[in-house]
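Q: Task: produce atomic coordinates for the following.
(2 chains)
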Amino acid sequence: MARAKNRPLSPHLTIWRWGPHMALSILHRVTGAGLAVVGGIGLVWWLLAAASGPESYALFRAVATSPIGYVFLIGLTWAFFEHLFGGLRHFVLDMGAGYELRQNRFWSLCVMYGAVIVTALVWLWVFFGK
Amino acid sequence: MGSGTGIGRVRGLGSAKAGAHHWINQRITAVGNLLLVVWLVVNLFTLPGLDYHSVTSWLSAPLVAVPMMLMIANAFWHLRMGLQVVIEDYVHEEGVKFGVLVLLNFYAVGAAALGIFAVAKIAFAAGGAS
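A: Sure thing, here's the model as predicted:
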């Protein structure tokens, strides 16, 4: 790479006032990566355990329903809704809509609060409502 | 960036001319995930039981096994592209980047193959037994 070092960079990260859309952008990547690795491995482990017989499945079930297992399951649920709602917001942005400052801020906050609220409702229902 | 000169193109700098295709595929698989992963999550939370027999008999129905296989293919395709972009953004050393991208492709294709095979084994084994 014969590129000169110390080329001027466009100013980013440091000069902008922090806003919810920036946090959401980072969260979208973090939750995507988390779902991709933890969710992907968990899903395949679950299916392989079911395909391998009752003993393998019992081991998976014991791990998944342990306290740490529940931390992972609830974390994955939140990451799923965060990435889902954030992805829906991206479809709107892809159409060129929703970039006005107030709208952008409003929908960014909706995605973040919505993911937490729906995750809480789902797990409250699992633990107490079912 | 070198996309304007002949030598720059020879060195592989500048656009690879595949960005739009990658971007569109990311959105198409996002729509697929919207349908298929939501289908999976709703079922996980509403199935009467997640014990071995409930799960394997559920997975052996054709209208469950096929969407599950499609879900695996679609989700791992989506995460392969998403993690590729993350890696390209944060891993700058060319050799390391190539190695990590190789690992990503092995993970995405390998895990998806394992998952699809597991679903097929459950579905066909149930068909043979009944």
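Q: do you know how far B:Ala75 is from A:Arg102?
A: In this view, B:Ala75 and A:Arg102 are 34 Å apart by C-beta to C-beta, to the nearest Å. Glycine gets a C-beta too; all of them are placed from N, C-alpha and C.
Q: Show me which of these two is the more surrounded one.
A: A count of neighbours by other C-beta atoms under 10 Å in any protein chain shown puts B:Ala75 above the other of B:Ala75 and A:Arg102, at 25 against 7.
Q: Can you give me the distance of the more buried one to chain A?
A: Distance, B:Ala75 to chain A, using C-beta to the nearest C-beta, to the nearest Å: 7 Å.
Q: List the residues that contact that residue.
A: Residues in contact with B:Ala75, defined by C-beta atoms under 8 Å, 6 or more residues apart in numbering or on different chains, are A:40, A:43, B:29, B:33, B:36-37.
Q: What residues sit buried inside the strand or helix carrying A:Leu93?
A: Using DSSP states H and E, A:Leu93 sits within helix A:67-94. Neighbour-count burial for helix A:67-94, counted by 16 or more other C-beta atoms under 10 Å in any protein chain shown, picks out A:72-73, A:75-87, A:89-90.
Q: interface residues of chain A facing chain B?
A: A:1-3, A:29, A:32-33, A:35-36, A:40-41, A:43-44, A:47-48, A:50-51, A:54, A:57-58, A:61, A:77, A:80, A:84, A:87-88, A:90-91, A:94, A:122, A:125-126 (C-beta under 8 Å from any C-beta of the partner chain).
Q: Give me the subset of those lying in strands.
A: Per DSSP state E, strands hold no members of those.
Q: Report the buried members of those.
A: Buried among the residues of chain A next to chain B by 16+ other C-beta under 10 Å: A:29, A:32-33, A:35-36, A:40, A:43-44, A:47-48, A:50-51, A:57, A:61, A:77, A:80, A:84, A:87, A:90, A:122.
Q: Check which helix or strand B:Ser15 maps to.
A: Short version, using DSSP H and E: B:Ser15 is in no helix or strand.
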